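Chemist: after the sequence you'll find the predicted model.
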Amino acid sequence: MGLTELKKELQKLDQDKLIALITDLYKKIPAAKEFLDFYVSPNEQALFEEYREKVLRAFFPKRGMRLKLREGKQAISEFKKLGTSPELLAELMLFYVETGVQFSREFGDISAEFCASLQGLYEQALGLMKESGLLGKVAGRARQVVIDTGGSGWGFHDELHGLYQQFYKA
């Protein structure tokens, strides 16, 4: 079934049945619950803090040492789907990169794929900030990420430096 067919079916329902359907979704599907909670009470800052913690735990879990990049990226994807502001989305993306760089500094160069993942998100975050006119707000943090990768392997520092120069032309 496509979106058009779904809309036709939903239009057939009266208000009570729609309410019952939405409350059923709310009870049974955690992502729907989170979306509806945010829809009813859109506290972006609290939501940002929750997802920031998820990103942090992807790199530095409370117990164990298992790196979970997929969970960190999933947190960013879920945060985006909730319709949050571009500024907070870019903040979360940059935090992911900063946290990944911190992880790499503490535990050594991980892999070329790890570096490429961070590099891609760094570029996306800066691109989103540029589109939103917010590059100046994160200039210091964006530069610090490049500085913190000095001495890294896999050409990571050079790639980030190139991206920084691309977005912050002197």
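Modeler: Cool, the structure landed.
Chemist: pop the domain breakdown of the chain in here.
Modeler: Structurally, the chain divides into domains by automatic domain parsing as follows: 1-41, 44-167.
Chemist: in JSON lines, list these along with mean neighbour count.
Modeler: Just so you know, the C-beta spots here come from the backbone N, C-alpha and C atoms, and that holds for glycine as well. As requested, these are arranged in JSON lines below (neighbours: other C-beta atoms under 10 Å):
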{"stretch": "domain 1-41", "mean neighbour count": "11"}
{"stretch": "domain 44-167", "mean neighbour count": "17"}
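Chemist: need the ones you listed in CSV (columns: mean pLDDT).
Modeler: Formatted as CSV, these follow (pLDDT from 0 to 100):
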stretch, mean pLDDT
domain 1-41, 84
domain 44-167, 92
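Chemist: need phi/psi at K81.
Modeler: phi -60, psi -20 (degrees, to the nearest 10).
Chemist: ok, and the closest non-adjacent residue to it?
Modeler: The spatial neighbour of K81 that comes closest, neighbours along the chain excluded (C-beta to C-beta, 6 or more residues apart in numbering), is F35 at 7.6 Å.
Chemist: just the element for that neighbour, please.
Modeler: Using DSSP states H and E, F35 sits in helix 30-40.
Chemist: A116 now?
Modeler: helix 112-131.
Chemist: ok, Y164 - contacts?
Modeler: Going by C-beta atoms under 8 Å, 6 or more residues apart in numbering, Y164 touches 126, 142-143, 145-146.
Chemist: SS state for it?
Modeler: helix (DSSP: H, G, I helix; E, B strand; the rest coil).
Chemist: mind checking how far it is from K17?
Modeler: In this view, Y164 and K17 are 54 Å apart by C-beta to C-beta, to the nearest Å.
Chemist: give me the angle between the longest helix along the chain and helix 112-131.
Modeler: Scanning the chain for the longest helix, with DSSP state H as the assignment, gives helix 86-107. Relative orientation of helix 86-107 with respect to helix 112-131: 150 degrees, computed using axes from the mean of the first three to the mean of the last three C-alpha atoms, to 10 degrees.
Chemist: for helix 86-107, name the packing helices and strands.
Modeler: If you count contacts as 3 or more C-beta pairs under 8 Å, 6 or more residues apart in numbering; DSSP states H and E, helix 86-107 packs onto helix 44-59, helix 69-81, helix 112-131, helix 135-148.
Chemist: export it as CSV, just CAs?
Modeler: Taking C-alpha atoms only, helix 86-107 is exported to CSV below (Å, rounded to 0.1, in the frame of the first residue of the first chain):
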residue,chain,number,x,y,z
PRO,A,86,18.6,22.1,11.0
GLU,A,87,20.7,23.8,13.7
LEU,A,88,20.3,21.1,16.3
LEU,A,89,20.6,18.4,13.7
ALA,A,90,23.9,19.8,12.5
GLU,A,91,25.0,20.2,16.2
LEU,A,92,24.3,16.5,16.7
MET,A,93,26.2,15.6,13.6
LEU,A,94,29.2,17.7,14.6
PHE,A,95,29.0,16.2,18.1
TYR,A,96,29.2,12.7,16.6
VAL,A,97,32.4,13.7,14.7
GLU,A,98,33.9,15.3,17.8
THR,A,99,33.2,12.2,19.9
GLY,A,100,34.6,10.0,17.2
VAL,A,101,37.8,12.0,17.1
GLN,A,102,38.0,11.8,20.8
PHE,A,103,37.6,8.1,20.7
SER,A,104,40.3,7.8,18.0
ARG,A,105,42.7,9.9,20.1
GLU,A,106,42.1,7.7,23.2
PHE,A,107,42.2,4.3,21.4
